[in-house]
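For reference, the sequence and a predicted model appear below.
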Amino acid sequence: MLSGALTACRPQSAAPPLRVSMVGDVLLARNVPAALARDSATLARRARRWWAGSRYVIGNLECPLTTAEQPVAKQFTFRADLRWAAWLRRLGLTHVSLANNHTLDQHWFGLRDTYRAASTARLGTLGYQPDSTAGCLPTLLGPDSSVAVLAYSAFRVGVPGEGCVCGRDFSALCERLAAYKTLFPQRAVLVYLHWGTEYAAQPTDGQRQQARALIDCGATAVVGSHPHVVQTVEYYRGKPIIYSLGNFLFDQHRAATDLALQVDFDLRAGQVATTCLRPLQLINAVPHAANTRATASLLARLRRYSPNLRFNPDAVGGWQLQSSILAAKADSLPAYFQRQVTVDGPTGLVTARLRYLPHSRQYQAWARTPSGTATTVTLRFPIYALGAGDVDNDGRTDLLLGPVKPTPLDTVRRRRLFVYSLDSAGHWQPKWRGSRLTFQLLCFRAGPAADGRTYVRTIEQAPDGLYCVGQYRWQGFGLVLDRFLARRLSRDAAYRCFVL
């Protein structure tokens, strides 16, 4: 048996970093209350040891807390008493994610009651906003707001009120994350995802692509829940990805659902200084420090599916992670965006990818048409954004590039917006290479407006240092200002206006 307490990594300096701990799925229905009636007091003592060094503790709440009993039509629905919100807070959790496939089990009324109970108990909620247009806003942590958390669910239930939960399409999540990091590059952003296949030992290829896209868009770390078992751990561009932590408090009896992890992130200056995994074992639905056999089983599982990681033992029976692969050479400037988008080619949709060539410090926009034609355009300047949209409203999606460079009409090196399209032969052709917009451009996105036309929305910084959100439309041979949606904004207000 492990004799040490399940505590986080010891700080490496006199000034300790901000520590955020995350655990997996939490159920407070079915057989769990009876199990807690027997073990709640001892669990509280264990949790105090596990989270003694943590400023924040985050878990995924897999059931609504409500007196309403209006179950949705699906195989498994849960409901728990309102009192559990205060119990979770006393246990030591500071935040719970509501972005999952069970918080709407009792329709919107149950979700609303959950939010109110958590607010009364001073238990923070992630991935939910009472305003249904704002479900994907980040939650700030730390006395100096140095850490933000985005929670997202890959599953949809299809009931009224679901817009309150962060579960929009994945590209919208990436877009919001990239815009946030562009405005707040010094803040660490943790992304907590509810995704994947239940009981699968490994994530899908699609999940791996999504996790890496989130890192490209600025995530400091990516953590997953929902499979109910521990999955792969990896590093990408020097950032940790924990695909599934497994259960934390749950009454399941399938293979490996009793093995779980806690992850501790030590955060300093917007980066993860250390990542530690703590082995847990569920006994009668309640988490315990993993015994020797469970610890060995977890380590074997991690090593099998994460061969490029070193699991350095620590003093309490857990592991500090270290990648055996050197981080890729950094891009030519800090840039936060997806590296691939979909555009229209001469014979159908084409995936356009932006590749960084570290030796020449250049980018390439690359695509291959369905007919097999490969086309590239070499960009001999830094790139800060990549997007797609039918900018000129001709029915075909174009490629939007954000270079940082001077132009013949403006010799100052600044952020620009270029538009490219694929011609009938499948080659990139510039459609617009604007000299500048109204003010200093920070980021942009293309999207349809109420009138059905595509506009380009921007965040720009005015000479007085305040921010504005602009809306541009295509006229003739380029973009012109349609109107400012808002002016004289703070950065936080500009972000909210830009993404909503």
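In hand now; what should we look at? Numbers count the residues shown, from 1 in each chain.

Tell me how the chain divides into domains.
The chain resolves into domains spanning 18-323, 340-499 when parsed by automatic domain parsing.

In CSV: the ones you listed, plus mean neighbour count, distance to residue 334 and mean pLDDT.
Any C-beta I mention is one placed from the backbone N, CA and C, and that applies to glycine too. Converted to CSV, these look like this (neighbours: other C-beta atoms under 10 Å; distance: least, C-beta to C-beta, whole Å; pLDDT from 0 to 100):
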stretch, mean neighbour count, distance to residue 334, mean pLDDT
domain 18-323, 20, 6, 95
domain 340-499, 17, 9, 93
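
quick one: what helix or strand has the residue sitting nearest the centre point of the chain in it?
For the chain, the residue sitting closest to the mean C-alpha position, by C-alpha atoms, centre = their mean, is residue 191 at 3.1 Å. Element membership for residue 191, per DSSP states H and E: strand 188-194.

Does anything pack onto that strand? Which helices or strands?
Packed against strand 188-194 by the contact rule (3 or more C-beta pairs under 8 Å, 6 or more residues apart in numbering; DSSP states H and E) you find strand 18-26, strand 56-61, strand 147-153, helix 170-183, strand 221-225.

Run the angle between it and strand 221-225 for me.
Strand 188-194 and strand 221-225 meet at an angle of 20 degrees, taking axes from the mean of the first three to the mean of the last three C-alpha atoms, to 10 degrees as the criterion.

contact partners of the next helix or strand after strand 188-194?
The helix or strand immediately downstream of strand 188-194 is helix 205-216, counting by DSSP H and E. Contacts to helix 205-216, defined as C-beta atoms under 8 Å, 6 or more residues apart in numbering, come from residues 170, 173-174, 177, 191, 193, 195-196, 203, 222, 224, 236-237, 239, 241, 243, 336-340.

returning to what we had before: mind checking which of the helices and strands packed on strand 188-194 is nearest residue 475?
Residue 475 lies closest to helix 170-183 among these, at 24.8 Å (C-beta to C-beta).

orientation of the closest one relative to strand 188-194 in degrees?
If you take the same axes, to 10 degrees, helix 170-183 sits at 170 degrees to strand 188-194.

Scan this structure for its longest helix.
Using DSSP state H to define each element, the chain has its longest helix at helix 32-50.

quick check: angle from it to strand 56-61?
With the same axes, to 10 degrees applied, the angle from helix 32-50 to strand 56-61 works out at 160 degrees.

what's helix 32-50 packed up against?
Counting contacts by 3+ C-beta pairs under 8 Å, 6+ apart, helix 32-50 is packed against helix 84-91, strand 286-289.

got the ones you listed as JSON lines, with distance to residue 135 columns?
As requested, these are exported to JSON lines (distance: least, C-beta to C-beta, whole Å):
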{"stretch": "helix 84-91", "distance to residue 135": "20"}
{"stretch": "strand 286-289", "distance to residue 135": "29"}
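
closest to residue 415 out of the ones you listed?
helix 84-91 (43.7 Å).

And the closest one, what does it pack against?
helix 32-50, helix 107-120.

Tell me what angle the shortest one forms with strand 56-61.
Using the same axes, to 10 degrees, the direction of helix 107-120 lies 160 degrees away from that of strand 56-61.

right, and the helix or strand after helix 107-120?
Scanning forward in sequence from helix 107-120 by DSSP H and E, the next helix or strand is strand 124-126.

What helices and strands are in contact with that next one?
Strand 124-126 makes packing contacts with strand 95-97, helix 107-120, strand 147-153 when contacts are defined by 3+ C-beta pairs under 8 Å, 6+ apart.

Can you list the strands that that strand pairs with?
Sheet pairing for strand 124-126, assigned by DSSP bridges, gives strand 95-97 (parallel).

Report the distance from the partner strand to the chain centre.
Relative to its chain's centre, strand 95-97 lies at 14 Å (C-alpha atoms, centre = their mean, to the nearest Å).

A helix includes residue 298, no?
Yes - under DSSP: H, G, I helix; E, B strand; the rest coil, residue 298 sits within a helix.

nearest residue to it other than its sequence neighbours?
Nearest residue to residue 298, sequence neighbours excluded (C-beta to C-beta, 6 or more residues apart in numbering): residue 279, at 4.8 Å.
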